[in-house]
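Peer 1: coords below, sequence missing:
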């Protein structure tokens, strides 16, 4: 392990909210191999853009930008938003100051790409790659195919809908119905993605199709639970992770970015609820009563729940493009979240159970990050997806829409408490066992 890698692993502050300011010496960055301010500025802004595009939280992107600049003998002051990056970089000798601004138009969660960005960063830090080579690799990365083909991602989304119906308390008949509704939503999403204008309606259309499928299923089969089918078919579109990341940004004092992510989550929830409301309105026009927003949970046998856990964890791994060699960690992360929550809710309120589950998942993720020298997010996100409170927000807005403001406020408050428990759990785990990784 070289001196720079040791500095990255041993000297990085485990709390990304605090600025990283290592001492830059000639032995750390050899004078003969220092890069110019223009080279460093261009590389930092492209690296930050890639991190933002592939799902890295804003506070981690800012932290990484500072670290990269310090390793090259410069100072950086980044300001990262979900839709743009502003960068000020300067050096002491000779005195120079540069500014960069980049618009980020698209972003997703691609853990495979995030791992590759981390490798590029490490190669530059270890002087195994020049800045121009690194920038070329980042550009190629943005054009490369995902780790899994679209057909496999589609199958994973269908299986995720089927397994989610088990977690939402559905009956055996709800599993194939939710899978069919999830497949219909997936096909519509592929068609809508072909047009920029149509893509903006994806959340609204997904909820409307899921509600219509549930309505039709109640006419064809007995004992179908419409609320479960709607929730399961649209689970991949719930902004629970966006909501939790927004709270995390606020906790890290990234107020603008956190507020933007919370507003994004709210708009997504509104589109989902309005899609369901459209179908409910059509039901009333044809004189059929809409299904209740929630039904009593029905516990399937333990073997069915275990199978649902395996399927959902691996499905999240495929959807988020976890590299094949690390796909087993998605199952480990999901199992940790599920088992911890199942044990905790027997004795504790839901938000405290979420706190303990987040601590367990993040301790596992940080331990694996130390062991493999890969980003902790690679091991954290699949498990956290089983914990995020997106369905609470969906149900809360549904109750508000139907005029039941007390139930809506109760669900909304539960979402806030659960999200807060997850955020504090992540922060607590990072203190107990820091990942010692920039990402």
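Peer 2: Done, it's in. Since we're looking at a predicted model, the values are computed, not measured.

Peer 1: quick one: residue 369 and residue 59, what's the gap?
Peer 2: Counting by Cβ to Cβ, to the nearest Å, the gap from residue 369 to residue 59 is 17 Å. Just so you know, the C-beta spots here come from the backbone N, C-alpha and C atoms, and that holds for glycine as well.

Peer 1: then residue 232?
Peer 2: Distance of residue 232 to residue 59, computed by Cβ to Cβ: 32 Å.

Peer 1: more neighbours, these two?
Peer 2: Applying other Cβ atoms under 10 Å to residue 232 and residue 59 shows that residue 232 carries more neighbours, namely 30 against 20.

Peer 1: surely the more buried one touches residue 162?
Peer 2: Yes. Contact between residue 232 and residue 162 holds when scored by Cβ atoms under 8 Å: they sit 7.3 Å apart.

Peer 1: pop the domain breakdown of this protein in here.
Peer 2: Domain assignment for the chain, taken from automatic domain parsing, gives 3-143, 150-432.

Peer 1: pick the most deeply packed of those domains.
Peer 2: Ranked by mean neighbour count, the domains of the chain are led by domain 150-432 with a mean of 20 (mean count of other Cβ atoms under 10 Å).

Peer 1: and of the domains of the chain, who's closest to residue 438?
Peer 2: Among these, the nearest to residue 438 by Cβ to Cβ is domain 3-143 (4.8 Å).

Peer 1: for that closest one, what is the average pLDDT?
Peer 2: Across domain 3-143, pLDDT averages out at 79.

Peer 1: run through the stretch 101-250 of the chain and note the low-pLDDT ranges.
Peer 2: Nowhere does the stretch 101-250 of the chain drop to pLDDT under 70.

Peer 1: show me where it has helices.
Peer 2: In the stretch 101-250 of the chain, the segments counted as helices under DSSP state H, counting those that start in this stretch are 111-125, 131-143, 150-167, 174-192, 196-199, 202-220, 226-233, 240-251.

Peer 1: turn these into CSV, including distance to residue 355.
Peer 2: Converted to CSV, the helices of the stretch 101-250 of the chain look like this (distance: least, Cβ to Cβ, whole Å):
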stretch, distance to residue 355
helix 111-125, 24
helix 131-143, 36
helix 150-167, 19
helix 174-192, 29
helix 196-199, 36
helix 202-220, 29
helix 226-233, 23
helix 240-251, 12
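
Peer 1: what's the closest of those to residue 324?
Peer 2: That would be helix 111-125 among the helices of the stretch 101-250 of the chain, by Cβ to Cβ, at 8.9 Å.

Peer 1: off-centre distance for that closest one?
Peer 2: Relative to its chain's centre, helix 111-125 lies at 18 Å (Cα atoms, centre = their mean, to the nearest Å).

Peer 1: next: stretch 84-94.
Peer 2: 29 Å.

Peer 1: how about CSV for the domains of the chain, with distance to residue 438 added?
Peer 2: Shown next, in CSV, are those (distance: least, Cβ to Cβ, whole Å):
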stretch, distance to residue 438
domain 3-143, 5
domain 150-432, 8
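
Peer 1: ok but residue 386 is inside a strand, no?
Peer 2: No. Judged by DSSP: H, G, I helix; E, B strand; the rest coil, residue 386 forms no part of a strand; its state is coil.

Peer 1: just checking, it touches residue 315?
Peer 2: No. If you go by Cβ under 8 Å, residue 386 and residue 315 don't touch, sitting 11.0 Å apart.

Peer 1: what helices or strands is the lengthiest helix in the chain leaning on?
Peer 2: Secondary structure of the chain per DSSP state H: the longest helix is helix 255-285. If you count contacts as 3 or more Cβ pairs under 8 Å, 6 or more residues apart in numbering; DSSP states H and E, helix 255-285 packs onto strand 75-81, helix 202-220, helix 240-251, helix 390-402.

Peer 1: nearest to residue 184, of these?
Peer 2: Taking Cβ to Cβ, helix 202-220 is the member of these nearest to residue 184, at 5.3 Å.

Peer 1: now the angle between helix 255-285 and that closest one, please.
Peer 2: Following axes from the mean of the first three to the mean of the last three Cα atoms, to 10 degrees, one obtains 30 degrees for the angle between helix 202-220 and helix 255-285.

Peer 1: hmm, who's touching helix 202-220?
Peer 2: The contact list for helix 202-220 (Cβ atoms under 8 Å, 6 or more residues apart in numbering) reads 177, 180-182, 184-185, 188-189, 192-193, 224, 226-227, 229-230, 233-234, 237, 268, 271-276, 278-280, 283, 288, 291.

Peer 1: equivalent analysis for stretch 412-432, please.
Peer 2: Defining contact as Cβ under 8 Å, 6+ apart, one finds that stretch 412-432 is touched by 14-15, 240, 243-244, 247-248, 251, 350-359, 361-363, 366, 380, 384, 387-389, 392-393, 396.

Peer 1: find the nearest non-adjacent residue to residue 378, please.
Peer 2: Among residues not flanking residue 378 along the chain, residue 111 sits closest, at 5.0 Å (Cβ to Cβ, 6 or more residues apart in numbering).

Peer 1: again, but for residue 300
Peer 2: Using Cβ to Cβ, 6+ apart and skipping the chain neighbours, the partner closest in space to residue 300 is residue 166 (5.6 Å).

Peer 1: could you pull up the mean pLDDT of whichever strand or helix holds residue 422?
Peer 2: Element membership for residue 422, per DSSP states H and E: helix 405-432. Mean pLDDT, helix 405-432: 86.

Peer 1: how about stretch 258-267?
Peer 2: Averaged across stretch 258-267, the pLDDT comes to 91.

Peer 1: residues in contact with the spatially closest residue to residue 96 that is not a sequence neighbour?
Peer 2: Nearest non-adjacent residue to residue 96, counting by Cβ to Cβ, 6+ apart: residue 37, 4.7 Å away. The contact partners of residue 37, by Cβ under 8 Å, 6+ apart, come to 74, 89, 90, 91, 96, 98.

Peer 1: the helix holding residue 422 relative to helix 255-285, how many degrees between them?
Peer 2: For helix 405-432 against helix 255-285, the angle by the same axes, to 10 degrees is 150 degrees.

Peer 1: distance from the chain centre to helix 405-432, please.
Peer 2: Taking Cα atoms, centre = their mean, the mean C-alpha location of helix 405-432 is offset from the chain mean by 16 Å.

Peer 1: with stretch 240-252 instead?
Peer 2: Stretch 240-252 sits 10 Å away from the centroid of its parent chain (Cα atoms, centre = their mean).

Peer 1: what's it in contact with?
Peer 2: Contact with stretch 240-252 is made by 16-17, 57-59, 109, 255, 257-262, 264-265, 268, 381, 384-385, 388-391, 393, 415, 419-420, 422-424, 426-427, as judged by Cβ under 8 Å, 6+ apart.

Peer 1: likewise for stretch 174-187?
Peer 2: When contacts are defined by Cβ under 8 Å, 6+ apart, stretch 174-187 is touched by residues 154, 157-162, 164-166, 170, 206, 209-210, 213-214, 217, 221, 224-225, 228-230, 232-234, 236-237.
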